[in-house]
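Peer 1: Structure for this input, please:
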Amino acid sequence: MRVNCLQASLLAFIGLNLTGCSLLPYQASDGVKPGYHDMPLPGGCIVLDYVGNSFATFSMLENAWLQRAQEWCPTGFDTVLKEKDIRRGSIRSPVNGIDTTLGTQTRIIYGVIKCHTVQAGLLNETPVSFKRPQASINDPSFMKLAVEIWESKGICKADGQTKK
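Peer 2: Next up is the predicted model:
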C-alpha cells in the first residue's frame, strides 16, 4: 500500500510539473528565440512567420501561425501564400569529451494573409494592443522574406487587391 501511495504521489508531481511546460511557446520572436514575426505591407496584406524550436512539429507551427493570423484578423482572413521550410544549421558541442559538430533543424511556416475587414487603427502606426507589428529590423532573415514577398513575388497590389 505504501509503495502505491509513493508511486501515485510521484506521478502526480511529475504530471503537475509537465502541464506548465509547452513544447512550442506562443510568443513574439526576437530573431533568436522561437516565435512569430509579423509585418503589415502596403496594400493591406500581412507577412507572418512562425519559427519553431527543436521540438516543434509542422502541426504545432500551423496552430501557432493560425492563432497569430486570427489575432490580426478576428473577422477572418484569406491566406494569400503559405509555405513550410526547414532551416538547417550546425552547432559545436562536446560529446563524450570530444568537440563535435552536430546538425540542427528549425521548422518554419511563413506566408501572407489578407484580412476580410480591416479594423480601424490595425494596419497603421497607431499602437493597437497585441496587434502591433512584431517584426524586428534586427532579424535580417525575416526582413529579407518580407521584402522578397513584396517586391519579387508582388503578391499584394498597392491598391489593396491581391493578385490572382
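Peer 1: Isn't Asp38 up against Arg68?
Peer 2: Yes: using CB atoms under 8 Å, Asp38 is in contact with Arg68, at 6.4 Å. C-beta: built from backbone N, CA, C; applies to glycine.
Peer 1: what do the two both touch?
Peer 2: The contact sets of Asp38 and Arg68 overlap at Leu48 (CB atoms under 8 Å, 6 or more residues apart in numbering).
Peer 1: now the protein, which segments are flagged as low pLDDT?
Peer 2: Residue ranges of the chain with pLDDT under 70: 1-22, 118-164.
Peer 1: just the helices in it please.
Peer 2: 2-19, 58-72, 140-147 (DSSP state H).
Peer 1: Please name the residues that touch the residue lying closest to Tyr26 once chain neighbours are set aside.
Peer 2: Among residues not flanking Tyr26 along the chain, Ala64 sits closest, at 5.6 Å (CB to CB, 6 or more residues apart in numbering). Taking CB under 8 Å, 6+ apart, we find Ala64 in contact with Leu24, Tyr26, Tyr36, Tyr50.
Peer 1: quick one: which of those is nearest to Thr79?
Peer 2: Tyr50 (13.5 Å; CB to CB).
Peer 1: Let me see the contact set for the closest one.
Peer 2: Tyr50 neighbours (CB under 8 Å, 6+ apart): Gly35, Tyr36, Leu61, Ala64, Trp65, Arg68, Ile108, Ile109, Tyr110.
Peer 1: Can you tell me which of the contacts of Ala64 are buried?
Peer 2: Leu24, Tyr36, Tyr50 (16 or more other CB atoms under 10 Å).
Peer 1: Pairing partners for the last one in the sheet, please.
Peer 2: Bridge pairing for Tyr50 (DSSP bridges) gives the partners Tyr36, Ile109.
Peer 1: measure it to Thr100 for me?
Peer 2: Tyr50 sits 30 Å away from Thr100, taking CB to CB, to the nearest Å as the criterion.
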